[in-house]
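Student: fold the stuff below for me.
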Amino acid sequence: MENKADSGSFWLPLLVVVLGAFAAILNNSSVNIALPKLMEIFGVTTDEIQWVLTSYMLTSGIIIPVTGYFADTYGAKRIYLLSLVVFTTGSVLCGLAWNNNSMIAARIIQGIGGGAIIPVSMAIVYRIVPMNMIGMALGIWGMAAVTAPAIGPTLGGYIIEHVNWRFLFTMNVPVGILAILLGVMLLPENQPKKGLKFDYPGFFTSTLGCFTLLLALSQGQKEGWSSFYIVTLLVVSFFMLLLFVLVELNTPQPMLNLRIFKNRAFSVSVFGGSTVTIGLFGGVFLIPLFTQNLMGKTPMETGILLAPAALVTAVMMPLSGFLFDRTGPKAVTFIGLVLLVWGTWEFKYLSSNSSALYIMVMASIRSVGMGLSMMPMTTAGMKTISQQDISHASALSNVCRQVCASMGIAILTSVMQNRQAFHFSHITESVSINSFNIASATIKTGILSDLTTSGGQQSTLSMLYSLAARESLVLAINDTFVVTSIILASAIFTAFFLDSGQKVDPCKVRKPK
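Tutor: Numbering: from 1, shown residues only. Next comes the predicted model:
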């Protein structure tokens, strides 16, 4: 796989890689919607069922850093096919799960395969596609990374309502088998590197560091960010990841070659891409929350509402790659980020009276920006990486995005809940049964309780507090979109530092004595 394919010979292998990546991401995004159903079936609490999601996230976060070593040692094709086998096996076991613990165990197996599929598939794309067409190819590959989270809730909602929850997992089996068979036939072999030694200190420190960091980010809101449990996890993750950096910079054969970050184009693209990832998951998290909790739509109806945005992304990803190959990354990325920030900012005007058409249009504008910016930014950095470091660079890029996705959801959830408490306190501070506006409020909201009786007063106040809670959630979501816009805006300047660049010569990178 070291030699680039001819311009027309890489399309079928590329589609095989996209198929596997899409299946892995789609499955993880569609499972969220099944949690209430699984709680009912398994008879468990919210805290217990959350581990169905957390176990997959933690496992994939641990496995991503080691994919570079395994791809180099055993060959990217072999590791990709093995990842598909493990992921498909995990999907079968998930479909056969009989209680929450068996589901968690199956999700861990699924996470091992799913976590490796994404970075290894990206590395394969860079190995088989000629550089003059890498933008278009990575745009097609990126359709899986961006459209699957948008399609997942719709598909999951439909399956839960009309089919069976087990099909959420077993539907991966024929896709996985097909991807394995096509991979065996169509993916070219590459020559594994000989003499590589496994970096045990790097593996230990990265595993413990990533595990504690991702666990803290996933549990922080529930346990409390200042709790002893979360603070301990964050302290351990900080020192383990610091030790990991020191180990990797002083190891002749590091598990992850962190010296790649000396490449300015790659570092800028990782920063920009990680920031955009926060915006992506911010939208995936906030918009369904608004439509379901405040507009009363079902998960399936929400998915249908956001389907145009997913289709827009599917069109824009390869188009952005086409433009990248012909104009370079700067202009495409800048325009995309501006549209992404604008589309996100406009969601600060959401209200109880917002129409479905407004949400659909603004979500589509966000998708145009996302589609234009994400892949050119990633490609501009990866294009400057030497062939022998592609696997390491892909793993680095993906682990950064994994952490930022978890961090983004944690930060935005915290912002939303804090702002909701603030707005609720502000709205209700003047609410009492003797308030001057109580009478008019009861008329406007249709509350017809008799205010001269104790029961009527309590009923009226209860209804008003409920309305206050609803309005405070609207305002909190507005504020959270403002914060998301600011985070995304910080990525705009990265567009000016992107260039096609020259590949880093690994022979010129200083090796430790």
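
Student: for the rest of this, base every contact and every neighbour count on C-alpha atoms.
Tutor: Noted.

Student: kindly report the domain assignment for the protein.
Tutor: 1-197, 200-250, 262-427+472-513, 428-471 (automatic domain parsing).

Student: mean pLDDT lowest where, among the ones you listed?
Tutor: With a mean of 59, domain 428-471 has the lowest mean pLDDT of those.

Student: got the end-to-end distance for that one?
Tutor: By Cα to Cα, to the nearest Å, the extent of domain 428-471 from end to end equals 11 Å.

Student: number of nearby residues for M360?
Tutor: Residue crowding around M360 was assessed by other Cα atoms under 10 Å; the count is 17.

Student: so it sits against I304, correct?
Tutor: No. Between M360 and I304 there is no contact under Cα atoms under 8 Å: 9.6 Å.

Student: CSV please, covering the domains of the chain and showing distance to L256.
Tutor: Formatted as CSV, those follow (distance: least, Cα to Cα, whole Å):
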stretch, distance to L256
domain 1-197, 7
domain 200-250, 7
domain 262-427+472-513, 6
domain 428-471, 47
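
Student: what's stretch 10-30 in contact with?
Tutor: Here stretch 10-30 makes contact (Cα atoms under 8 Å, 6 or more residues apart in numbering) with 53, 84, 87, 114, 117-118, 121, 124-125, 128-129, 137, 140-141, 144-145, 148-157, 168-169, 172, 175-176, 179, 182-183, 186-188.

Student: can we see that at 6 Å?
Tutor: For stretch 10-30, contacts defined as Cα atoms under 6 Å, 6 or more residues apart in numbering pick out 114, 118, 121, 141, 144, 148-149, 152-153, 156, 179, 186-187.

Student: next, the buried residues of it.
Tutor: 10-11, 13-30 (16 or more other Cα atoms under 10 Å).

Student: equivalent analysis for stretch 174-194, please.
Tutor: Residues of stretch 174-194 classed as buried: 175-177, 179-180, 182-183, 186-188, 190, 192 (neighbour count, 16+ other Cα under 10 Å).

Student: find the nearest non-adjacent residue to L323, please.
Tutor: V332 (7.1 Å; Cα to Cα, 6 or more residues apart in numbering).

Student: helices or strands up against the helix or strand hosting the one you found?
Tutor: Using DSSP states H and E, the element containing V332 is helix 329-346. Under the contact criterion of 3 or more Cα pairs under 6 Å, 6 or more residues apart in numbering; DSSP states H and E, helix 329-346 touches helix 356-382, helix 454-489.

Student: how far off centre is the last one?
Tutor: This points to helix 454-489. Counting by Cα atoms, centre = their mean, to the nearest Å, helix 454-489 is centred 27 Å from the centre of its parent chain.

Student: cool, and stretch 198-205?
Tutor: In terms of Cα atoms, centre = their mean, the centre of stretch 198-205 is found 26 Å from the chain centre.

Student: got the CA coordinates for it in CSV?
Tutor: Extracted C-alpha coordinates of stretch 198-205, given in CSV (Å, rounded to 0.1, in the frame of the first residue of the first chain):
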residue,chain,number,x,y,z
PHE,A,198,6.0,-2.0,21.5
ASP,A,199,6.2,1.0,23.7
TYR,A,200,4.9,-0.4,27.0
PRO,A,201,5.5,2.8,29.1
GLY,A,202,3.8,4.9,26.4
PHE,A,203,0.9,2.4,26.3
PHE,A,204,0.4,2.4,30.1
THR,A,205,0.5,6.2,30.5
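
Student: how near is V52 to T327?
Tutor: Distance, V52 to T327, using Cα to Cα: 44 Å.

Student: which residues touch the residue most central in space within the chain?
Tutor: What sits nearest the mean C-alpha location of the chain, by Cα atoms, centre = their mean, is A405, with 4.9 Å. Taking Cα under 6 Å, 6+ apart as the contact definition, A405 lies against 277-278.

Student: if you set the cut-off to 10 Å instead, what comes out?
Tutor: For A405, the contacting residues are 214, 217, 274-282, 399, 411, by Cα atoms under 10 Å, 6 or more residues apart in numbering.

Student: still on that earlier bit, dump the contacts of stretch 10-30 into a markdown table; add secondary structure and distance to V247 as well.
Tutor: Output for these, formatted as a markdown table (DSSP: H, G, I helix; E, B strand; the rest coil; distance: Cα to Cα, whole Å):
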| residue | secondary structure | distance to V247 |
| --- | --- | --- |
| G114 | helix | 27 |
| I118 | helix | 25 |
| S121 | helix | 27 |
| W141 | helix | 33 |
| A144 | helix | 34 |
| A148 | helix | 36 |
| P149 | helix | 35 |
| G152 | helix | 39 |
| P153 | helix | 41 |
| G156 | helix | 42 |
| A179 | helix | 37 |
| L186 | helix | 38 |
| L187 | coil | 35 |
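
Student: specify which member of these is nearest to L35.
Tutor: Closest approach between the contacts of stretch 10-30 and L35, by Cα to Cα: G156, at 10.4 Å.

Student: how near is the closest one to T302?
Tutor: On the measure of Cα to Cα, G156 and T302 end up 11 Å apart.

Student: of the two, who's got more company?
Tutor: The residue with more neighbours, out of G156 and T302, is G156; 26 against 22, by other Cα under 10 Å.

Student: burial count for S227?
Tutor: Neighbourhood size, S227 [other Cα under 10 Å]: 11.

Student: over to I104?
Tutor: 22.

Student: could you give me the buried positions within the one helix or strand it maps to?
Tutor: Using DSSP H and E, I104 sits within helix 100-128. Buried residues in helix 100-128, counted by 16+ other Cα under 10 Å: 100, 103-128.

Student: okay but M255 is in contact with F70, surely?
Tutor: Yes. Assessed by Cα atoms under 10 Å, M255 is found in contact with F70 at 9.3 Å.

Student: higher neighbour count, the two?
Tutor: M255 (26 against 21).

Student: roughly how far apart are that one and S391?
Tutor: Relative to S391, and taking Cα to Cα, M255 is found at 11 Å.

Student: so what's in contact with those two at the same time?
Tutor: Joint contacts of M255 and S391 (Cα under 10 Å, 6+ apart) are 65-70.

Student: so which of the residues you listed belong to helices?
Tutor: Taking DSSP state H, the ones among the shared contacts of M255 and S391 that sit in helices are 67-70.

Student: turn the buried residues of stretch 174-194 into JSON lines, columns for distance to L473 and secondary structure.
Tutor: As requested, the buried residues of stretch 174-194 are exported to JSON lines (distance: Cα to Cα, whole Å; DSSP: H, G, I helix; E, B strand; the rest coil):
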{"residue": "V175", "distance to L473": "40", "secondary structure": "helix"}
{"residue": "G176", "distance to L473": "41", "secondary structure": "helix"}
{"residue": "I177", "distance to L473": "44", "secondary structure": "helix"}
{"residue": "A179", "distance to L473": "43", "secondary structure": "helix"}
{"residue": "I180", "distance to L473": "46", "secondary structure": "helix"}
{"residue": "L182", "distance to L473": "48", "secondary structure": "helix"}
{"residue": "G183", "distance to L473": "48", "secondary structure": "helix"}
{"residue": "L186", "distance to L473": "51", "secondary structure": "helix"}
{"residue": "L187", "distance to L473": "50", "secondary structure": "coil"}
{"residue": "P188", "distance to L473": "52", "secondary structure": "coil"}
{"residue": "N190", "distance to L473": "53", "secondary structure": "coil"}
{"residue": "P192", "distance to L473": "54", "secondary structure": "coil"}
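
Student: and after the helix or strand harbouring N28, which helix or strand comes next?
Tutor: For N28, the host element (DSSP H and E) is helix 11-31. Next helix or strand after helix 11-31 toward the C-terminus (DSSP H and E): helix 35-42.

Student: now that following helix: buried residues?
Tutor: Neighbour counts over helix 35-42 (16+ other Cα under 10 Å) mark 35, 38-39 as buried.

Student: sorry, back to before: more neighbours: which of V52 and T327?
Tutor: Neighbours per residue (other Cα under 10 Å) separate V52 from T327, with V52 holding more: 23 against 11.
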